[in-house]
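Q: sequence and predicted structure below; questions after.
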Amino acid sequence: MVPAVLVAAALAAPGLAEGEDVSSRRRYRSEPGLERWLRAPGALLRLPWLALRPGVDFAERVDLPQRAADAFYFNPDRSAGWFPEVAPTGSGRGAGLLLFDDGLIRPGDRAELAFTIGGPGAAFARAGLRGTLGPVDAALSTVYERDDRMDVFASPSSAGAVLGHGTTLGDRTFFSLTRWAARLEASRPFAARAASGLFLLGDVARLSAPATPGLPGLGDADLAGGGFFLAADGTRGGTRPTRGAAARAELEAAADPSGGAGHLRQSARLDGYLPLWGPARTLAARLGWSRLTALGRRRPALHRYPILDAENGLRGFENDRFRGLGVASFTLEYRYPVWTFWDLFWFLDGGQAFDATPRLAARRFSFGKGVGVRFLSDKSLLFVIQAAIGGERPRLQLVAGKLL
Amino acid sequence: MSWLALLAAVALAAAPKDNDDFDIPEPAADKRAALIWSNGAYLMSFYQAEKALDPAWLLRKARLLPPREAGNVTELDEAPDSTWFTNRHGYERLAPERVAEGPGGPAPRLPFVVLEASPHSENVRFVALDQEGRRWFVKLDPPGRPGLATNGELIASRLLHAAGYNVPFFTRVWLRPGDLRLGPEATMRTRYRNAERKMAASDLSTLFALAGQAADGRFPVSASLALPGKPKGPFSYLGTRGDDPNDTVRHEDRRELRGYQVLSAWLNNTDSRQGNSLDVYVEEGGRRFLRHYLLDFSAAFGSGNNEPKRLEEGTEYYFDAGVVVRSAAALGLWVKPWERARAPDYPELGPFHSDDFHPLKWKPSYANPAFERLTPADGYWGAKLVTAFSDADVEAAAEPGHFPTPGAKGRLLRVLGERRDIIGRYWLGGDRVAPLESFRVEGSTLAFADLGVERGYVEAKTTLYRWKGRVSAEPSFELPAGFDGEAELRVSRDLGRAWGRPVRVRVAGGAVRRVRR
């Protein structure tokens, strides 16, 4: 019998004759056939890829993502750095920078400075310092704001303490604001995740005459005051809060010693997270309430009027669309994961601005609804893209940082 | 029997051999192929879209066209020995000691002289020469998890080698910081890819500071011996290599690369991608040609290299557009099995389970065109390799592993055994393929073996075989006198109520000539 090894050797690759093509001697080969041509439409997709590939290769070769991320920090441990700040509308609109340092004074204490410039008549800057002094958490924040075109929606018939209701986008008008403000806050934890604190504030504002007469709260307002707050955070889930609640309530009194401005402000916010049928399927909800009342015979300054969309609470409408002596709002958001770092959410927002007497009524509520995607990293929420409709212009927003 | 028939019979019985080792000019090193982002990005996005525009692919998905079978199978539907694969354990079982040896090689003679180090890559690793001048690639485990990455390197490489794949030789080395010397020209990668700086003596301690340490203070590392020959870059799982005249079968149509899906699924080797392969220009028997290797198994089992695997790994691509779309459309009602909470994992194993393992639904982290083209015949071929490993074989391969947590090794062996049996039941015990083997004509009888029964995945007493209306409880059929033609055999596992897909056996001249599934 012929040994198997000899047979195998006889079938193995022998040498090639001079000039002989290897492929002609190969035992196995893929035969091109009709299928190759059937793939032609799909192969067209390769054209854009061929254009993209050099960029992807370059990014890998130079480690562009790592370098780009590092470009935002001033040191390897990333305790100091900068981020761009962009706000297309609303208070602080414009583009600018945020500078921060978590070890400028002591390790862990945060110092930050931010500014945005929105054109010749719009500039915004804030500076802050937050840290601990013995058992007390302390924070100092200051703001400079100048904007010649602060949005306000009012019509002659709607002039009063509720601005926005009953108006259209065509009723947009403006007032100008120049303001310096500072707030000093001290708080102390009284439970594992709860704290109470006091604050002092100074707020010097110049509000000039608007195009539409009859707007309340204009003029000079050199406010000084203070207040206290309670805050608790019992949420669980890290970058994807899935259960628990967080609440904050604040009471503030401020008055202009030499003028007619002054107010009492009460505000409260409650966030809740309810786990649903699967991991990270969550119903998130927020209730918000903020109300100004006149302090004695003084009247609240316009720039301190609560805004319904101040914390992205009414996404189907423009920023500053509704403001009044008080606002009440709610948000319901159903979230679920679609990828490791992406959560899809559907939301319904509703809110109402009201005057001195809070008469909440469903017919006076404005509603917005929409859908969005939350983009997460291992450590935090990076940004949110959301699209909303509320009966006026649809809005598409990109928002950085935590919203709810 | 004539000499010709004898030669043919012997040739079919011998380990089949491809002839892809013709002498070829030295190919250029494909440096671009070593860039892994574009390959991954293309295969997980544009390539997936291309398939959606391919009528043949769509017709096959709808089962309106027969599967496109592998392009390099022998007459007996096997992968031949080649520069890609060598039939070993699946062809003739190796003793457990041989499985444990892997490709075989020397132990490095310490101390190592470090040439290059990468403390910031997926794993802390370095390239070094031992005192014999041999070049080694050394990989360390992440802190607090000694064994996590290196167990995969050592154990999976041995099992894949025994199965037939070309892999480097990996060995366990126990290092102390004094076992490293700094080479005079040593460089260290910075935190950026492809950026290096000169290495300082203090950097040696940095390597250990970032690594997992055993209780006795030593560092259990895996060391792989440099492959003989000239490295020419990784091979693609799609298409052929243009500068290799021996490379005439599209890689996505290679049986051993398609079947690698089954082995990768077994081992949970989610990093089975182009970047973890290597073509090496070798000289053997006076001929120079490319040999094709699989590399880097530190993401096997529950390891995610420098951390435990993310729970979705093994069920989804790193970015899986199909899963994203389906998840979005399901409005959160689709809760994937991996999302459910589990008991804590062993630190040296990471999440490695069998309870939600499905051989066909398993996915690597990066889309792999060869895996996506797996047909039942390819899956069956891979399952034959996997189920050839006994518990003793697997235990022998696990010998160089490091399992400081009591029970961890037992858990690994148990899960490997369970996943192997799930693969066996799926591919050998179901109706997807007729798992009939060893076809032979004995006198006037066509006899064969039933791997499903032999390997214990189905019961013989409920199994029946059918050919041309004849049903047999025994794995053989009487052939008509002078039979010359194709026998289409089917198997039932439920006493004839349902019959699986056929296997076609061509008989001519009193011998089996061809088997197709």
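A: Done, it's in.

Q: and whichever residue of chain A sits closest to chain B, what's its pLDDT?
A: Chain B sits closest to A:Tyr336 of chain A, with a gap of 2.9 Å, by CB to the nearest CB. Bear in mind the C-beta positions are built from the backbone N, C-alpha and C, glycine included. At A:Tyr336, the model reports a pLDDT of 97.

Q: which one is it nearest to, not counting chain neighbours?
A: B:Gly332 (2.9 Å; CB to CB, 6 or more residues apart in numbering or on different chains).

Q: how about B:Asp77, nearest residue that isn't a chain neighbour?
A: Nearest to B:Asp77 is B:Val515, by CB to CB, 6+ apart, at 4.8 Å.

Q: who does the helix or strand containing the one you found pair up with?
A: According to DSSP states H and E, B:Val515 maps onto strand B:511-516. Within its sheet, strand B:511-516 is paired with strand B:503-508 (antiparallel), according to DSSP bridges.

Q: what does the strand it pairs with contact?
A: Contact partners of strand B:503-508, identified using CB atoms under 8 Å, 6 or more residues apart in numbering or on different chains, comprise B:433-434, B:436, B:439, B:441, B:446, B:448, B:479, B:483-490, B:512-517.

Q: ok, 7 Å please
A: B:434, B:436, B:439, B:441, B:446, B:479, B:483-489, B:512-517 (CB atoms under 7 Å, 6 or more residues apart in numbering or on different chains).

Q: just the buried ones from those?
A: Buried members of the contacts of strand B:503-508, scored by 16 or more other CB atoms under 10 Å in any protein chain shown, are B:434, B:436, B:439, B:441, B:446, B:479, B:483, B:487, B:489, B:512-517.

Q: tell me the one of these nearest A:Leu344?
A: B:Arg517 (42.6 Å; CB to CB).

Q: show me what contacts the closest one?
A: So B:Arg517 contacts B:77, B:376-377, B:380, B:433-434, B:503 (CB under 7 Å, 6+ apart).

Q: among those residues, name the ones in helices.
A: If you go by DSSP state H, those have B:376-377, B:380 in helices.

Q: how far away is B:Ile59 from B:Ala100?
A: Just to correct that, residue B:59 is Leu rather than Ile. 46 Å (CB to CB, to the nearest Å).

Q: and these two? Which one has more around it.
A: B:Ala100 (18 against 13; other CB atoms under 10 Å in any protein chain shown).

Q: show me what contacts the residue lying closest to the more buried one once chain neighbours are set aside?
A: With CB to CB, 6+ apart as the criterion, B:Ala100 has its nearest non-adjacent residue at 4.0 Å, and that residue is B:Ala396. Contacts for B:Ala396 (CB under 7 Å, 6+ apart) come out as B:96-97, B:99-100.

Q: buried subset of those as a ChimeraX selection?
A: Buried members of the contacts of B:Ala396, defined by 16+ other CB under 10 Å, are picked up in ChimeraX with:
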select /B:96,99,100
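
Q: let me see the ranges of the helices in the stretch 51-200 of chain B.
A: B:55-61, B:96-101, B:148-151, B:157-163 (DSSP state H, counting those that start in this stretch).

Q: typed the wrong thing, it's chain A
A: Going by DSSP H, chain A shows helices at A:4-11, A:22-25, A:34-38, A:40-43, A:46-62, A:64-70.

Q: figure out how far stretch B:294-301 is from the centre of its chain.
A: Distance of stretch B:294-301 from the chain centroid (CA atoms, centre = their mean, to the nearest Å) equals 10 Å.

Q: between the two ends of that stretch, what distance do you get?
A: 16 Å (CA to CA, to the nearest Å).

Q: just checking: what are the partner strands of the helix or strand in which B:Ser224 is found?
A: Per DSSP H and E: B:Ser224 is located in strand B:219-225. Under the criterion DSSP bridges, strand B:219-225 sits next to strand B:135-139 (antiparallel), strand B:170-175 (antiparallel) in its sheet.

Q: apart from its chain neighbours, what residue comes closest to B:Ala473?
A: That would be B:Leu464: by CB to CB, 6+ apart, it lies 5.9 Å from B:Ala473.

Q: I'd say that neighbour and B:Arg490 touch.
A: No - in this structure, B:Leu464 is not within contact of B:Arg490 by CB atoms under 7 Å, at 9.0 Å.

Q: just want the residue of chain B that's nearest chain A.
A: B:Gly332 (2.9 Å).

Q: does that residue touch A:Arg281 like I think?
A: Yes - with contact defined as CB under 7 Å, B:Gly332 counts as touching A:Arg281 (4.5 Å).
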